[in-house]
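> coordinates only, sequence not included:
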């Protein structure tokens with residue numbers, strides 16, 4: 001039996017909201033999700049496990065209908081769903097009375113239930129969030145044998161969501177030895193696979209915000225006579241890239257911008273799209289005049305940080321400014337009773353403050 005394990009799709013999210021590319025990002029999440037479903041159909045995968053946060057918030061009825069259409073197109077692929085903390089089954093949720101296609105099994109209850117798929121000789125377990133936060137360890141002491149007798153040589157797969165203090169706390173060592181052959185987790189947006197191979201976070205299908213760095217996609221698994229084998233499959237079209245632009249005191253502002261643009265162009269892989277978090281590092285001339293907002297106009301830049309330092313020659317600066325406020329500050333700072341490293345910091349930050357405010 002082959003399966004795809006995915007989670008944290010967050011349909012309806014608008015990453016980087018307010019930017020020129022945010023609408024494209026929102027559409028891209030749907031497109032990526034539908035592509036995975038189409039891949040499952042074409043490759044004749046047996047099941048798709050969606051382990052919470054299919055939607056970024058409560059789904060509208062029209063959104064459920066749209067997703068259901070794509071699920072039905074996947075048949076005979078079976079779809080198994082649990083709701084997560086972003087799309088819980090609340091009293092007024094459209095999940096409550098929604099009729100899914102015949103190939104979809106939605107674990108709607110807030111207590112763990114199981115279903116048996118005889119063709120696979122496999123039991124699938126799951127429960128849904130009914131609140132945005134659940135601090136009770138609902139997976140503690142959970143074991144397949146608590147649900148009664150099982151078919152001989154059957155496989156047991158748990159769909160789960162959470163793992164932190166506010167979203168179903170988990171003792172992973174205990175859960176790993178609870179008797180499940182595979183535990184498919186959602187909630188954490190980065191993929192992770194336990195050394196045993198029995199527990200995995202698929203991570204978010206696409207990055208949802210600028211903290212979602214690294215690869216994104218889903219887990220592909222296969223149940224064999226030797227157990228469950230799982231591998232990560234990259235899927236995301238978009239990625240966040242940390243871009244360090246190293247400068248020196250000899251560079252002009254135009255040169256710095258050109259270097260940043262060149263680095264951005266090199267960082268984008270074919271067929272992928274990037275959103276950049278730019279950090280300026282190195283040293284710059286004391287008289288450098290720049291407008292960091294101009295870096296946002298170089299491309300899809302979501303964050304700019306100035307971590308550079310002034311290229312300061314204390315003695316030269318003092319000799320040029322003996323008769324003004326800056327010179328008097330340097331003279332007093334040099335006489336402070338403290339270690340040299342701390343004195344250097346006081347001089348640096350004081351000089352930078354005076355230059356930045358123009359009060360010298």
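It's in. Keep in mind it's a predicted model, so treat the numbers as computed, not measured.

> so, low pLDDT: which residues of the stretch 201-350 of the chain?
Low-confidence segments of the stretch 201-350 of the chain, defined by pLDDT under 70: 341.

> could you rerun that using 50?
The stretch 201-350 of the chain contains no residues with pLDDT under 50.

> for it, what spans make up the helices?
Under the criterion DSSP state H, counting those that start in this stretch, the stretch 201-350 of the chain contains helices at 253-267, 293-296, 314-320, 325-334, 340-357.

> would you turn those helices into JSON lines with mean neighbour count and distance to residue 188?
C-beta: built from backbone N, CA, C; applies to glycine. Listed next are these as JSON lines, based on neighbours: other C-beta atoms under 10 Å; distance: least, C-beta to C-beta, whole Å:
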{"stretch": "helix 253-267", "mean neighbour count": "15", "distance to residue 188": "25"}
{"stretch": "helix 293-296", "mean neighbour count": "15", "distance to residue 188": "30"}
{"stretch": "helix 314-320", "mean neighbour count": "13", "distance to residue 188": "48"}
{"stretch": "helix 325-334", "mean neighbour count": "15", "distance to residue 188": "47"}
{"stretch": "helix 340-357", "mean neighbour count": "13", "distance to residue 188": "38"}
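
> make CSV out of those and add distance to residue 149.
Output for these, formatted as CSV (distance: least, C-beta to C-beta, whole Å):
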stretch, distance to residue 149
helix 253-267, 56
helix 293-296, 62
helix 314-320, 81
helix 325-334, 80
helix 340-357, 70
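
> these: which one's closest to residue 209?
Closest approach to residue 209 among these is made by helix 293-296 (17.3 Å; C-beta to C-beta).

> that closest one packs against which elements?
When contacts are defined as 3 or more C-beta pairs under 8 Å, 6 or more residues apart in numbering; DSSP states H and E, helix 293-296 packs onto helix 253-267, strand 301-306.

> with distance to residue 82 added, can I get the ones you listed in CSV?
Below are those laid out as CSV (distance: least, C-beta to C-beta, whole Å):
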stretch, distance to residue 82
helix 253-267, 36
strand 301-306, 31
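
> now residue 245: how far from residue 268?
16 Å (C-beta to C-beta, to the nearest Å).

> neighbour-wise, which of these two wins?
The neighbour count for residue 245 versus residue 268, taken as other C-beta atoms under 10 Å, is higher for residue 245 (21 against 15).

> ok, what's across the strand from the more buried one?
residue 280 (DSSP bridges).

> correct me if wrong: residue 261 contacts residue 301.
No: assessed by C-beta atoms under 8 Å, residue 261 is found out of contact with residue 301, at 10.3 Å.

> got a list of what the residue lying farthest from the centre of the chain touches?
Within the chain, the residue lying farthest from the chain centre (C-alpha atoms, centre = their mean) is residue 323, at 54.4 Å. By C-beta atoms under 8 Å, 6 or more residues apart in numbering, the contact set of residue 323 is empty.

> same check on residue 193?
Counting by C-beta under 8 Å, 6+ apart, residue 193 has contacts 199-201, 219, 230, 232.

> so which of those sit within strands?
Taking DSSP state E, the ones among the contacts of residue 193 that sit in strands are 199-201, 219, 230, 232.

> quick one: buried ones out of the contacts of residue 193?
Using 16 or more other C-beta atoms under 10 Å as the burial test, those include 199-201, 219, 230, 232 as buried.

> same list (the contacts of residue 193) but as CSV, adding distance to residue 212.
Putting the contacts of residue 193 into CSV (distance: C-beta to C-beta, whole Å) gives the following:
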residue, distance to residue 212
199, 21
200, 18
201, 13
219, 17
230, 21
232, 15
